[in-house]
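[1] build me a model:
(chains A and B)
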Amino acid sequence: MRFDLPDLPDTRTLRAELREFLAEAGRDWTPETRARSWMGFDRGFSRAVGERGWIGMTWPKAYGGHERSAMERVVVLEEMLAAGAPVGAHWIGDRQSGPLILRLGTEEQRKRILPGIARGELAFCIGLSEPDSGSDLASLRSKAERVPGGWKLNGRKIWTTFAHKSDYMIALMRTSPAPEGGARHAGLSQFLVDLRLSGISIRPIRDLAGEDSFNEVTFDDVLLKEDDLLGQEGQGWAQATSELAFERSGPDRYLSSYPALVAGLSALGAGSEAEAGRIVARLATLRAMSLSVTGMLERGEDPAVEAALVKDAGNGFEQALPERLRGLLEPEERPENLSRMLETLAMLAPTFSLRGGTREILRGIIARDLGLR
Amino acid sequence: MSEMRALLVEQLDRLLTEQGGVAILREVEGGTWPGALWAEVEGQGLALALVPEEAGGAGLGWGDAAALWHVLGRHAAPVPLGEAMLAGAFLGAAGVELPAGFTALAPAGEAAPFGRHASALALVDGTRVSLRAPGGATEGQNTGREPRDDVTPGSVTAEGDLPNGFGPRPARLGLALLRAAQIGGALEKVLALTVDWANTRKQFGRPIGKFQAIQQSLAAMAAEVASVQVAVAAAARAAEARGLDGAAFEIACAKVVAGEAATFGAATAHQVFAAIGITEEHELHHLTRRLWSWREEGGTERGWAQEIGRAAMARGGDALWPDLTARDISGVPA
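    The predicted structure is shown next:
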């Protein structure tokens, strides 16, 4: 495991543009919206971000991208999250689904899908977990069978964030039985699923905050075309995990609760300096670690373990941050916007160390790299 | 890593592998001066690492220094090379030649590491640096049983002022960076020892490292080890770009993170090692006692955190992100 510091390009102009844009766009965002950050879904905002060329930034222009560097892309992500922008409608497409389609999709899939993501018009969700398969993802049972002219899907996905608001799902399905006593990761394939197809029913599951943010998605004889297969048949596990370093190392893994720090910092009283300083020291260090992984990814390295480590450390930070602020300010000392953010974050923070790989799974990955297990 | 840095790191690592170790550590902790090892270190020119080239040194930067200090920490090196490098840096920058022998760093009003063994003192009082004859020492030690002596500076041999980039408290900043880097190295070694032990020690019929509880603890420790290394690298790079004073924020962050990680890492290692780890015979304590000491030296995590927090609170929440990103080093003059 190693974390080299990357050379950062001069991005002051880009940051200034983003700050100006976000100040204008965010004039009416409520504290709850900012606290929800990338769990906020706002198609109008995503379209505006797309118009500015800030989605699919690193993709080829031929597919609606902007051919900018990975570091420039990170600048956009950082500024969005630091402002608590509701980026959920394009976040998954930009971070995961788009890059996957770009790398493994057919020319037709790229042309059909990527420009829409980059315009901020196509929203994606990720179909992984099932009722009996969570952290043990390879045990999943939803299946895709070959039928004349395509595939037939049956099964159930659950906890699928924003499925009820999305246009497409990238679903991991079993296309052949796991070999008896063999590698359970074999026989899985990824599909690009248009969520308007018949046979798909999406049932929102109300969460503890009273919001509909995740769903149960049922596939009942859903017919897909031949070329809705994404990548290679049977390679779904490798494909789905190959993007994990991108998914796990970004600023969304340590900045999810950052707007509360913005709201709280100015209200802190004498005696809070040390705790505030510890928070800022960790923030700066996590940022350097995250940027280090971005640098490795840009150089074509495979920092899967480093990314798991950034996510684990970052999740711990962003999860503890609202509690640390709570500990520094009595309720009557809190500005109203901070109080409202803390209320939202208390209900949201448990998900930080669940989504995208639980703390326990990440630490298992790190432990294996250390030579344990 | 530059070729030069890699070469020096390898050279120091080899030297300490061959001539360091538990036996000499015990002697030095008992008050012996490791003369042969120091002669080797000096002979290889390592004490001159941070002395500017025009003053006859190697003219290395803070990044190279931090990499070497990491190696010192990993070996719990029984020689005060880190401090001597700082003494050389300050003397050289103030236009004073570093004499042969061991010149101890003596920050005004603070204990001088290995001061009793010094053939000369580099007294740093604010921006004023003077080369002094040793004038007697009251011996003391830290928890790591490293000599920390109250020295009485003797006559002035030569003196000068540090240039602006060093700021008003160069010794404090230099020591903070040194101790943070050493903590990073020592923690890396502690983690390696602990993983090795977890894979060896068997209970309930299998190595304890097969238990998820142990795996989760060590994974959390690995995250702390990595955090220190990144924080130190960021601080060293900032010091190279902006000078010690211009890197005060990054150095403060590094010392805070290193101090917190030292506490967590030492506790975790001892928990996994259990009883054997707290025996005199075991090598672990040479590292963990130093971790506990180095948290205290060059400013505590509390002290540095107060400095960071005070500034951040005064600037306010809206300024935090712009301030943080404005410190990015892009190769373009800010």
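[2] going forward, measure contacts between C-alpha atoms and count neighbours the same way
    OK.
[3] any idea which helix or strand comes after the one helix or strand B:Pro153 maps to?
    Taking DSSP states H and E as the definition, B:Pro153 sits inside strand B:148-161. Next helix or strand after strand B:148-161 toward the C-terminus (DSSP H and E): helix B:170-200.
[4] that next one vs chain A: in contact?
    Yes. On the criterion CA under 8 Å from any CA of the partner chain, helix B:170-200 is in touch with chain A at B:195, B:198-199.
[5] give me the contacts around the strand holding B:Pro153.
    Residues outside strand B:148-161 that contact it (CA atoms under 8 Å, 6 or more residues apart in numbering or on different chains) are B:91, B:93-96, B:106, B:110-116, B:121, B:123, B:127-142.
[6] just the CA atoms of it, as CSV, please.
    Extracted in CSV, the C-alpha atoms of strand B:148-161 (Å, rounded to 0.1, in the frame of the first residue of the first chain):
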residue,chain,number,x,y,z
ARG,B,148,16.7,14.9,26.7
ASP,B,149,19.1,17.1,28.5
ASP,B,150,18.9,20.6,29.9
VAL,B,151,22.1,22.1,28.5
THR,B,152,24.0,25.3,29.5
PRO,B,153,25.3,26.8,26.3
GLY,B,154,28.9,27.8,26.5
SER,B,155,30.8,30.5,24.5
VAL,B,156,29.6,31.6,21.1
THR,B,157,31.7,30.2,18.2
ALA,B,158,29.7,31.8,15.4
GLU,B,159,26.2,33.0,14.9
GLY,B,160,23.7,34.3,12.4
ASP,B,161,20.1,34.9,11.5
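[7] can you give the strand pairings for it, parallel or anti for each?
    strand B:112-113 (antiparallel), strand B:128-138 (antiparallel) (DSSP bridges).
[8] what helices and strands are in contact with the helix or strand just after the first one?
    So that's strand B:112-113. Heading C-terminal from strand B:112-113, the first helix or strand you meet, by DSSP H and E, is strand B:120-125. Judged by 3 or more CA pairs under 8 Å, 6 or more residues apart in numbering or on different chains; DSSP states H and E, the packing partners of strand B:120-125 are helix B:81-93, strand B:103-107, strand B:128-138.
[9] tell me which of these sits most buried.
    Most buried of the helices and strands packed on strand B:120-125 by mean neighbour count (mean count of other CA atoms under 10 Å in any protein chain shown) is strand B:103-107; its value is a mean of 29.
[10] farthest from the middle of the chain: give me that residue.
    Since you didn't name a chain, this refers to chain A. Distance to the chain centre peaks in chain A at A:Ala270, reaching 37.3 Å (criterion: CA atoms, centre = their mean).
[11] hmm, no, I was thinking of chain B.
    Max distance from the centre of chain B (CA atoms, centre = their mean): B:Gly205, 40.7 Å.
[12] what does it show for phi and psi?
    Reported as degrees, to the nearest 10, the phi and psi values for B:Gly205 are phi 80, psi 10.
[13] which pLDDT value goes with it?
    B:Gly205 carries a pLDDT value of 97.
[14] for A:Asp302, same thing?
    Among the per-residue scores, A:Asp302 holds a pLDDT of 88.
[15] and it, that's in a helix?
    No. Looking at A:Asp302 with DSSP: H, G, I helix; E, B strand; the rest coil, it is coil, so not inside a helix.
[16] I'd say it and A:Leu244 touch.
    No. Contact between A:Asp302 and A:Leu244 fails when scored by CA atoms under 8 Å: they sit 10.0 Å apart.
[17] state the distance from the residue most central in space within chain A to A:Leu229.
    By CA atoms, centre = their mean, chain A has its centre lying nearest to A:Ile92, at 5.3 Å. Computed as CA to CA, to the nearest Å, the A:Ile92 to A:Leu229 distance reads 19 Å.
[18] flag the shaky bits of chain B, pLDDT-wise.
    For chain B, the stretches with pLDDT under 70 are B:1, B:331-334.
[19] list the buried residues for stretch A:13-26?
    Buried residues in stretch A:13-26, defined by neighbour count with 16 or more other CA atoms under 10 Å in any protein chain shown: A:15, A:18-19, A:22, A:26.
[20] repeat that for stretch A:249-258.
    Under the neighbour-count criterion of 16+ other CA under 10 Å, stretch A:249-258 has A:249-258 buried.
[21] quick one: which of those is nearest B:Gly174?
    Nearest to B:Gly174 among the buried residues of stretch A:249-258: A:Tyr254, at 29.7 Å, using CA to CA.
[22] tell me which residues touch B:Thr17, please.
    Taking CA under 8 Å, 6+ apart, we find B:Thr17 in contact with B:His75.
[23] regarding it, what is its secondary structure?
    Following three-state DSSP, we place B:Thr17 in the helix state.
[24] now do the contacts for the residue farthest from the centre of chain B.
    For B:Gly205, no residue meets the contact criterion (CA under 8 Å, 6+ apart).
[25] quick one on the thing from earlier: what's the closest of the helices and strands packed on strand B:120-125 to A:Ala163?
    Counting by CA to CA, A:Ala163 lies closest to helix B:81-93 out of the helices and strands packed on strand B:120-125; the figure is 56.9 Å.
[26] please name every helix or strand in contact with the closest one.
    helix B:62-74, strand B:103-107, strand B:120-125, strand B:128-138, helix B:170-200.
[27] what's the most buried one of the ones you listed?
    When the helices and strands packed on helix B:81-93 are scored by mean count of other CA under 10 Å, the highest mean neighbour count falls to strand B:103-107 (a mean of 29).
[28] tell me the angle of that one relative to helix B:81-93?
    Strand B:103-107 and helix B:81-93 meet at an angle of 80 degrees, taking axes from the mean of the first three to the mean of the last three CA atoms, to 10 degrees as the criterion.
[29] now strand B:103-107 against helix B:170-200, angle please.
    Angle, strand B:103-107 to helix B:170-200, by the same axes, to 10 degrees: 110 degrees.
[30] ok, back up a step: farthest-apart pair in the buried residues of stretch A:13-26, please.
    Between any two of these (CA to CA), the greatest distance is 15.6 Å, for A:Arg15 and A:Gly26.
[31] the residue nearest to A:Gln109 when sequence neighbours are not counted is in what secondary structure piece?
    Among residues not flanking A:Gln109 along the chain, A:Ile101 sits closest, at 7.2 Å (CA to CA, 6 or more residues apart in numbering or on different chains). Per DSSP H and E, A:Ile101 falls inside helix A:98-104.
[32] quick one: average pLDDT of the helix or strand following that helix?
    As assigned by DSSP H and E, the chain's next helix or strand after helix A:98-104 is helix A:107-118. The average pLDDT within helix A:107-118 is 98.
[33] quick one: contacts of helix A:107-118?
    Here helix A:107-118 makes contact (CA under 8 Å, 6+ apart) with A:50, A:53-57, A:63-65, A:90, A:93-94, A:98, A:101-102, A:122-123.
[34] alpha carbons of that helix, as PDB, please.
    Extracted in PDB, the C-alpha atoms of helix A:107-118 (Å, rounded to 0.1, in the frame of the first residue of the first chain):
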ATOM      1  CA  GLU A 107     -20.300   1.500 -29.800                       C
ATOM      2  CA  GLU A 108     -24.100   1.600 -30.000                       C
ATOM      3  CA  GLN A 109     -24.500   1.700 -26.200                       C
ATOM      4  CA  ARG A 110     -21.900   4.500 -25.900                       C
ATOM      5  CA  LYS A 111     -23.600   6.600 -28.500                       C
ATOM      6  CA  ARG A 112     -27.100   6.000 -27.100                       C
ATOM      7  CA  ILE A 113     -26.400   6.500 -23.400                       C
ATOM      8  CA  LEU A 114     -23.300   8.600 -22.700                       C
ATOM      9  CA  PRO A 115     -24.300  12.000 -24.200                       C
ATOM     10  CA  GLY A 116     -27.500  11.800 -22.100                       C
ATOM     11  CA  ILE A 117     -25.600  11.300 -18.900                       C
ATOM     12  CA  ALA A 118     -23.200  14.100 -19.800                       C
END
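[35] and chain A, what are its domain boundaries?
    When chain A is parsed with automatic domain parsing, its domains come out as A:12-21+A:30-122, A:126-239, A:243-370.
[36] start to end distance for the last one?
    Between the opening and closing residues of domain A:243-370 we find a distance of 22 Å, counting by CA to CA.
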